[in-house]
Every structure is written in C-alpha cells, then in structure tokens.
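1. when you get a sec, could you give me coordinates for this:
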Amino acid sequence: MFVRAEVAARPGTNQPTRPTRGRDCFRRCPRPCEVSDHSAPSGFAPARPRRGNRYHRFVFSEQTTDHWFAVTEEPLSVGAVYDWAVRSDCGAVVVFSGTVRDHAEEAGELRTGVTHLEYEAYDEEVVPRFRAIADETRARWAGLGRIALIHRVGRLALGESSVLVVVSAPHRPEAFAAARFAIDALKAAAPIWKREEWAGGSAWGTGATEVTEPSGVRSSDEAGV
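-> The predicted structure is shown next:
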C-alpha cells in the first residue's frame, strides 16, 4: 500500500529526508527508517519546491514513437497531445481530459464551493505505473496506435485539465474502450493524490490509498457502468 506522507526537506537543500515511520515511507520500508537522503533518481529533474521546501516533487516525461508518459507542473495542451497521437494507419483518436470542477463527492456527501485542487505524486512510481497501464491496455486491445498518459501536479484552478489520456487505434470501438480502461486504470493504479480547497478549508480527497496492479483493474465498460 502506498500512503501519502509529508516529507520535509533537509536544511539548506531541496533533498527530502525520509519519513521516520516505516509505514509512512514512500519506499514501503518494513520498519521505522533512518533519516537518509532521498535524492532524485536518474532521469528525474527537481520541480519547483513549494511552501518553504516542505514538499519535494519531481517532473518527468518519457516519450517514444508510440507512447508518451509525463508528470508536469505545466498546463496540459490537449491539441499538442492529440496531434502527436495521430497516425496514418489509425482512423480514430480518443481524448479524455479530466478537468477541475467546483464540487466533490465524499462518503455520500456533496461538497460545494471547491475552488482549487492540488495534486501530489509519488514521483518514482508514477511513470513506471503509466508504462504498466499502457502495456496492459495493449494486451487487452491488440493493434492500438499511440497511447499518452499525462498528469498535472501542483495547484490547479477550476476548469484546468488535470489529466490527459489519449489513445489512437484503427477503429473507434477499440479506441473508446482502451481509453476508458486506461483512465480507470490510472485512477486505480497510479500513486497520485489530490487535495480539495474550498472557502471553508481543505482536505485530501482520500487518505491512505491502496494502489492496485493494472492487470487487476476492471474498466467501467466491464463493470457495466
């Protein structure tokens, strides 16, 4: 189980210290941790620290001919990702853009007046999870063209796009089905958390979140939703 933890930076650096409780450690240590340097892994670049370096995030992008995985603090460009997904052998491109709305549902109750969302990600695991989601999507629907999974981190205003899932395929049925599965799998399998802000306060949308394997995800289509 991955759990969100607040990680303080070491004095004078942007490098976070490890949480002192093993159960709260992003690396899922089996016992309480020693304080150590959680430096950025190879291929990751530090993002802008926030709140006096209280948190440390990374921004990562991996792009090849047929897949594009990214975590970014920059606004998402639907048009750019759509253009990238077009292939001459694919007659369909399906784009899903998740946007920030002004209300939220939690425990059966409706919270109105939401003004912003703030996203945090377990940086070292998100893109590997995106790869696994894309692999599982291709295993279920053969012959897909390009797949993009891109997520924002940081503070987002109403109407901003927080996530893009784009799939191209030779025909529309598999493009729609694959895109729907991919967003369902991303929500279930990627360690990304959101904090809702409203006039009266703020709260994380979920607490500790169990992250499942993409192979175990049932899409909304399979569940009859």
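2. tell me where this protein has helices.
-> Here the chain has its helices, by DSSP state H, at 78-85, 123-140, 172-189, 220-223.
3. so which of these comes closest to residue 117?
-> helix 172-189 (14.0 Å; Cβ to Cβ). From N, CA and C alone the C-beta is placed, and that goes for glycine too.
4. now do that closest one against helix 123-140, angle only.
-> Here the directions of helix 172-189 and helix 123-140 differ by 150 degrees (axes from the mean of the first three to the mean of the last three Cα atoms, to 10 degrees).
5. helices and strands around helix 172-189, which ones?
-> Secondary-structure packing of helix 172-189 (3 or more Cβ pairs under 8 Å, 6 or more residues apart in numbering; DSSP states H and E): strand 92-99, helix 123-140, strand 147-152, strand 161-169, helix 220-223.
6. mean neighbour count and mean pLDDT added to the ones you listed, as TSV?
-> Converted to TSV, those look like this (neighbours: other Cβ atoms under 10 Å; pLDDT from 0 to 100):
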stretch	mean neighbour count	mean pLDDT
strand 92-99	18	99
helix 123-140	19	94
strand 147-152	25	98
strand 161-169	24	99
helix 220-223	11	70
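7. distance to residue 183 for those - can I get that in a markdown table?
-> Below are the helices and strands packed on helix 172-189 laid out as a markdown table (distance: least, Cβ to Cβ, whole Å):
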| stretch | distance to residue 183 |
| --- | --- |
| strand 92-99 | 5 |
| helix 123-140 | 9 |
| strand 147-152 | 9 |
| strand 161-169 | 5 |
| helix 220-223 | 9 |
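8. of those, give the one that comes closest to residue 212.
-> Evaluated over the helices and strands packed on helix 172-189, closeness to residue 212 peaks at helix 123-140, with 10.2 Å, by Cβ to Cβ.
9. can I get that closest one in PDB, CA atoms only?
-> The C-alpha trace of helix 123-140 is given here as PDB (Å, rounded to 0.1, in the frame of the first residue of the first chain):
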ATOM      1  CA  ASP A 123       7.400  10.600  -8.400                       C
ATOM      2  CA  GLU A 124       9.500   7.400  -8.700                       C
ATOM      3  CA  GLU A 125       6.500   5.200  -9.200                       C
ATOM      4  CA  VAL A 126       4.100   7.200 -11.400                       C
ATOM      5  CA  VAL A 127       5.800   6.800 -14.800                       C
ATOM      6  CA  PRO A 128       6.600   3.000 -14.200                       C
ATOM      7  CA  ARG A 129       2.900   2.600 -13.400                       C
ATOM      8  CA  PHE A 130       2.000   4.500 -16.500                       C
ATOM      9  CA  ARG A 131       4.100   2.100 -18.500                       C
ATOM     10  CA  ALA A 132       2.400  -0.900 -16.900                       C
ATOM     11  CA  ILE A 133      -1.100   0.600 -17.700                       C
ATOM     12  CA  ALA A 134      -0.100   1.100 -21.300                       C
ATOM     13  CA  ASP A 135       1.200  -2.400 -21.500                       C
ATOM     14  CA  GLU A 136      -2.000  -3.800 -20.100                       C
ATOM     15  CA  THR A 137      -4.100  -1.700 -22.400                       C
ATOM     16  CA  ARG A 138      -2.200  -3.000 -25.400                       C
ATOM     17  CA  ALA A 139      -2.500  -6.600 -24.100                       C
ATOM     18  CA  ARG A 140      -6.300  -6.200 -24.000                       C
END
